[in-house]
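Engineer: predicted coordinates and the sequence they were generated for:
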Amino acid sequence: DVVMTQTPPSLSVAIGQSVSISCKSSQSLVASDKNTYLNWLLQSPGRSPKRLIYQVSKLDSGVPDRFSGSGSEKDFTLKISRVEAEDLGVYYCLQGTHLPLTFGSGTKLEIK
Amino acid sequence: QIQLVQSGPELKKPGESLKISCKASGYTFTDYAMQWVKQAPGKGLQYMGWINTQTGKPTYADDFKERFVFSLETSASTAYLQINNLKNEDTATYFCARGTAYWGQGVMVTVSS
């Protein structure tokens, strides 16, 4: 199975600051169709996960452009510019290239 | 709009079985596979597997090949997760998901004697 190594495990940031979360996979996530199926999800407290970004850098509808994704092959980053209070929760990367799908261990974002 | 609505919380004893549901609406049920994800209390997300909604064929991740059964009621656009011979470690919230974009609200399952 593909192992997704996500860091840091937690972050504490002030409103308006920017943060980055890293996700590294044990295998290349480039699929046979040349797409890279790397997603970022946010699980707000008490809620089900919500996808923010798919295929490395494509924002889901309604997701603020303060969120951005980048990376390739085995190394990926989620950046949140100008953090807002509503951004708190646990962020997960999720690879969908190889079965079984696998998640990163999560990054808990707290607001100072 | 696309929705996945899951059944309510469950409290069960070890050794019992349960079946939770995930009712889809807003799209053609058989056009997309249904995934299942487990989240133990205070822990991360764990992929359980998926079911092909056209053929009914389930595929289970390694940790879920025993005691877990995915099934469908296509006429009702509903997917089911059955867990047999419940164990304390099955205590978790179980999510259904269509791909990675659409998630049910989760079902909290508590197994306790």
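Structural biologist: Right, received. Where do you want to start? Numbering: from 1, shown residues only, chains lettered A, B, ... in the order given.
Engineer: leaving out sequence neighbours, find the closest residue to the residue nearest in space to the middle of chain A.
Structural biologist: Compute the mean C-alpha point of chain A, and by Cα atoms, centre = their mean the closest residue is A:Trp40, 3.1 Å away. In this structure, A:Trp40 finds its nearest non-sequential neighbour in A:Ile53, 4.2 Å apart by Cβ to Cβ, 6 or more residues apart in numbering or on different chains. (Glycine included, C-beta is placed from N, CA and C.)
Engineer: swap in B:Lys13?
Structural biologist: B:Ser113 (5.6 Å).
Engineer: how near is the one you found to B:Gln82?
Structural biologist: According to Cβ to Cβ, to the nearest Å, B:Ser113 and B:Gln82 sit 21 Å apart.
Engineer: which residues does B:Lys13 contact?
Structural biologist: B:Lys13 makes contacts with B:Leu86, B:Val111, B:Ser112, B:Ser113, as judged by Cβ atoms under 8 Å, 6 or more residues apart in numbering or on different chains.
Engineer: which SSE is the residue nearest to A:Trp40 in?
Structural biologist: strand A:50-54 (DSSP states H and E).
Engineer: got the CA positions of that strand in CSV?
Structural biologist: C-alpha atoms of strand A:50-54 as CSV (Å, rounded to 0.1, in the frame of the first residue of the first chain):
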residue,chain,number,x,y,z
LYS,A,50,-14.7,18.0,2.9
ARG,A,51,-12.6,17.9,-0.2
LEU,A,52,-10.8,21.2,-0.9
ILE,A,53,-8.3,20.3,-3.7
TYR,A,54,-8.2,17.4,-6.2
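Engineer: for that strand, what is the average pLDDT?
Structural biologist: The average pLDDT for strand A:50-54 rounds to 98.
Engineer: what's the answer for stretch B:33-52, then?
Structural biologist: 97.
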